[in-house]
Structures are given as structure tokens and as C-alpha cells.
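Visitor: The following comprises the amino acid sequence and a computationally predicted model.
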Amino acid sequence: MMKTILASLSKQMLSSKQTVRAIASAAIALSIGINSALAGDPFRSSNPQAIGPNTETAFKTMFQQGNYKQAKAQVQQALSSEPNEPLAYAMAVALSYIEQDLNSMNSYAQKTREVAEQLSKTNPLRGNIYTAAGHFLEGANAIAKEGTAKGAPQALNKLRVVFQYLDAAEKIAPNDPELNLLKGYMDLMLATNLPFSNATEAIQRLEQKASPRYLAYRGIAVGYRDQKKYDRALEFANKSLAETPQNPEIHYLKAQILSAQAKGKGNDKTLLEEARKNFDAALVKPDQLPRSLVAEIFFQQCKTRNRLDNKSRNCDPMRDKIRDADGIWGPAALPAL
């Protein structure tokens, strides 16, 4: 599938906005996938890989608790104490991307690649995985920083290299759960954003071979959501939520699915009410989330409430107020609906 995607990307020369969105989406998915190896090796039930304790702590804070504010400090601690672990740099890339600090994102992406290249000497599997990750993130940074016209050719060249390293990792351990989580997310996000691709293989990879399960479930839910298969999407969102009940992003994902499902059923009030509850749950601790994400959750919550009670709240300026404000948004600072 990856070779098919690459060939199609080459033909299109990465010129369309849709293709650029695919790469940006895959970059975020990559951040999720590569960072998942941090929690005391949650992938493998045998032959576990050594992960630094500070990186592990940062991973749990970000992906089990959904607390980006605390994770940022923990990532910095991991970078100081575990400088030879590429995953710590990959997490720093994700946080820099969220904050739109593109210079730091580029620097951390380079370090991810460089540290992974060194790791390849002693651990070829993980070294290849994260060398691929570093190249991918460098390409994503080029588009984010330089725009489509200048950044797309560089990103295309990076994708070629990414697939080479992932293929090398697959030759070593084709059923490795860490590798399959990463490849599953990348294939899924490219497939759901490019019209000539198919998400079925990516979903199967995540369901059958990837781990940790709650991140695999999350990716599958996103894939089915984007295919408008809402019953299946809700099934896997619930599975992910059962394993990480405190993560506000999973409540947000479930709310999105329910809201879309309700729309397809004539604004079903029962589904809309359930969506509202999950939007509310996602915003219980807005101070721990990136402000841009809080703004988007609030915006979709506002739109859902308009549909639920037939009101006409002007959601756009309230969203912009959150997104553009200085400081941290706590619960008391959210606009009243």
C-alpha cells in the first residue's frame, strides 16, 4: 500500500491541498504512533525493549491522561536525562507542532533521526523505525514552515526515504506491534485523505498487529469515522475509552462520532445529548490541553448544543476568543453556553 501511495503522490507532485492535508494528518498520527513506545514497552509481551523512565512517565501523562501541560515539562526532563532515546525527541516534535514552534519542531525532528541512526547500530529494528520517523517529521516541517510550493518537493523526497526505512524494519520483524502501530497510523491517515487510497488495510493492520491496544483502537475509530461507518467507529472509541477513561481527547473523539451519527439520523436527540455529555467531559480540564484543541472542542460543542436545543449561538467568535487568548484556559474561563 505504501508503494502505491508513493507512486500516486509522485504523479500528483504533492500539489493539491488535499494531499498536503494528508501529510499533515499523517504527521500528527506519526507523533501518536512513535510516541507510543514510551510506556515501559507496552507493545511486546516478550522480549521487551528498554525505555527510559522519564520518557515513560511523559508518555503516560500525555497519552493515558491527556495532560499536555504536564507532559511538556516531563519531556524536557527526559531529553536531559535520556539523550540517547529517540522517542523523547519525537515527543518534543509533537509538542512543538502543537504550539506551532516550527524551528524547535525541525530541530527535534533532526535529533530524532540522528539519535535513531545511532540506535540502529545496536537495535536495527527500532533504529529503522525511528530513522523513518525523523525523516517523515522533517518533511512535515518543511511543508508547515515553507508552504506547499517550496516544502512539498522536499516532503516527497522524505517520504521515499521513510518507506525505505520502514521496509527495512519490516524485513526484520514484520509482526512487530510497534512497527505496525506506526505503519497503520501512517497508512490510515494517508488513505483517509487521498481519494485513490483505501483505509481497509490500515485498519486491519491496527486491529490485528498493533499495540498498545488503546492507541490501536483510537486509530481504528478515526478510520471508521472518516469512512462514515459510525457504528464501528463508536465501538472502537468505546474500547479506547475503557482503557484510558481520563483522556479528554478520547471523549472528544467519541463526541465527534456521536454528533456525526446524529446528523445522519435527522439530528437524533438521544445521540446529540450523548455527544453533548462527551464534549462536556472533554472540557472538564481544559487547562491541560493545547489551547487550539480546547478552542476546537468548544466550537464543536457549541454547534452540537445549537442542534440540540434549536438555538443560534454564534460559536465562531467564542472559539476565536479561546484560541487567540494569552495564558491558560481553565474551566471558569470558558465562555458560557
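Guide: In hand now; what should we look at? Residues are numbered from 1 along each chain as shown.

Visitor: Hmm, Q64 and Q246 touching each other?
Guide: Yes. With contact defined as C-beta atoms under 8 Å, Q246 reaches Q64; the gap is 7.2 Å. No exception for glycine: its C-beta is placed from N, CA and C like everyone else's.

Visitor: Check which helices and strands the helix ranked longest in the chain is in contact with.
Guide: Taking DSSP state H as the criterion, the chain has its longest helix at helix 124-172. Applying 3 or more C-beta pairs under 8 Å, 6 or more residues apart in numbering; DSSP states H and E, one finds that helix 124-172 contacts helix 2-12, helix 17-35, helix 86-98, helix 102-119, helix 177-193.

Visitor: Show me which helix or strand of this structure is least confident by mean pLDDT.
Guide: helix 2-12 (a mean of 41; mean pLDDT, DSSP states H and E).

Visitor: what pLDDT does T148 get?
Guide: pLDDT for T148: 73.

Visitor: Could you give the number of residues near it?
Guide: Number of residues near T148 (other C-beta atoms under 10 Å) recorded here: 16.

Visitor: Just the residues contacting stretch 108-125, thanks.
Guide: By C-beta atoms under 8 Å, 6 or more residues apart in numbering, the residues outside stretch 108-125 that reach it are 34, 49, 83-86, 89-90, 92-93, 96, 126-131, 133-135, 137-138, 140-141, 168-169, 172-173, 176, 179.

Visitor: Tell me the buried residues within the residues you listed.
Guide: Neighbour counting by 16 or more other C-beta atoms under 10 Å classes 34, 85-86, 89-90, 92-93, 96, 126-131, 133-135, 137-138, 140-141, 168-169, 173, 176, 179 among the contacts of stretch 108-125 as buried.

Visitor: Can you list the buried residues in the helix or strand hosting Q300?
Guide: In this structure, Q300 is located in helix 291-309 according to DSSP states H and E. Neighbour counts using 16+ other C-beta under 10 Å place 291, 293-305, 307-308 of helix 291-309 among the buried residues.

Visitor: One more: stretch 238-248?
Guide: Neighbour-count burial for stretch 238-248, counted by 16+ other C-beta under 10 Å, picks out 239-241, 244, 247-248.

Visitor: Looking at the residues you listed, which is nearest K183?
Guide: Set against K183, the nearest of the buried residues of stretch 238-248 by C-beta to C-beta is S240 (19.0 Å).

Visitor: Now do the contacts for that closest one.
Guide: 214-215, 217-218, 221, 250, 253 are the contacts of S240 under C-beta under 8 Å, 6+ apart.

Visitor: Among these, name the ones in helices.
Guide: Counting by DSSP H, the contacts of S240 place 214-215, 217-218, 221, 250, 253 in helices.

Visitor: Any chance of these in JSON lines with neighbour count as columns?
Guide: Below are these laid out as JSON lines (neighbours: other C-beta atoms under 10 Å):
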{"residue": "Y214", "neighbour count": "20"}
{"residue": "L215", "neighbour count": "25"}
{"residue": "Y217", "neighbour count": "24"}
{"residue": "R218", "neighbour count": "27"}
{"residue": "A221", "neighbour count": "28"}
{"residue": "I250", "neighbour count": "26"}
{"residue": "L253", "neighbour count": "23"}
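
Visitor: Take these and write them to TSV, including pLDDT and distance to A109.
Guide: Listed next are the ones in helices among the contacts of S240 as TSV, based on pLDDT from 0 to 100; distance: C-beta to C-beta, whole Å:
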residue	pLDDT	distance to A109
Y214	90	26
L215	90	21
Y217	96	27
R218	95	23
A221	96	27
I250	96	27
L253	97	26
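
Visitor: Which member of these is positioned nearest V75?
Guide: Closest to V75, out of all of these and judged by C-beta to C-beta, is L215, at 17.8 Å.

Visitor: hang on, that closest one packs against M62?
Guide: No. L215 is beyond contact range of M62, at 11.4 Å (criterion: C-beta under 8 Å).
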